[in-house]
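>>> Got a sequence here, can you build the structure:
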Amino acid sequence: MTVQHEMSWERDTTEYVDDNNWVISEQTGATAVFCSCGFQRIVADQDTQRTIDEHKADVAEGANDTGDWERP
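Okay, here's the model as predicted:
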């Protein structure tokens, strides 16, 4: 049985209400990377593509790393 690896990612944001009661949303500098196989990892924004490429390489080599949620 072949597992398909569909990758996705989502930039992490934080929200707060400023002095004028506007809701402000700011990026945190982290990105959550997911794969349909269960792999998930939170990485620095600049490491998103490298993380995807490394997971694809691990899959090609037969590794089964599901990752973790530790922040960089």
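
>>> May I ask you to confirm that residue 24 is in contact with residue 15?
Yes. Residue 24 sits in contact with residue 15 when judged by C-beta atoms under 8 Å, with a separation of 6.7 Å. Bear in mind the C-beta positions are built from the backbone N, C-alpha and C, glycine included.

>>> so what's residue 10 bridging to?
For residue 10, the beta-bridge partners under DSSP bridges are residue 32.

>>> Isn't it up against residue 30?
No. With contacts counted by C-beta under 8 Å, residue 10 stays clear of residue 30, the gap being 9.9 Å.

>>> out of those two, which sits in the busier spot?
Higher neighbour count among residue 10 and residue 30: residue 30, with 17 against 11, using other C-beta atoms under 10 Å.

>>> Of residue 24 and residue 15, give the one with the bigger neighbour count.
Just comparing residue 24 and residue 15: by other C-beta under 10 Å the higher neighbour count belongs to residue 24, 11 against 8.

>>> Which parts of whatever helix or strand the more buried one lives in count as buried, going by neighbours?
Taking DSSP states H and E as the criterion, residue 24 maps to strand 23-35. Within strand 23-35, the residues that qualify as buried by neighbour count (16 or more other C-beta atoms under 10 Å) are 30, 31, 33, 34, 35.

>>> Let me know the closest of these to residue 4.
Compare each of these with residue 4 using C-beta to C-beta and the shortest gap goes to residue 35, at 9.5 Å.

>>> The closest one and residue 29: what is the separation?
The spacing between residue 35 and residue 29, counted by C-beta to C-beta, to the nearest Å, is 22 Å.

>>> Repeat that for residue 17.
When distances are taken as C-beta to C-beta, residue 17 and residue 29 turn out to be 21 Å apart.

>>> so how far is residue 59 from residue 46?
Here the criterion is C-beta to C-beta. By it, residue 46 lies 22 Å from residue 59.

>>> Between those two, which has more neighbouring residues?
With neighbours defined as other C-beta under 10 Å, residue 46 and residue 59 compare such that residue 59 has more, 16 against 10.
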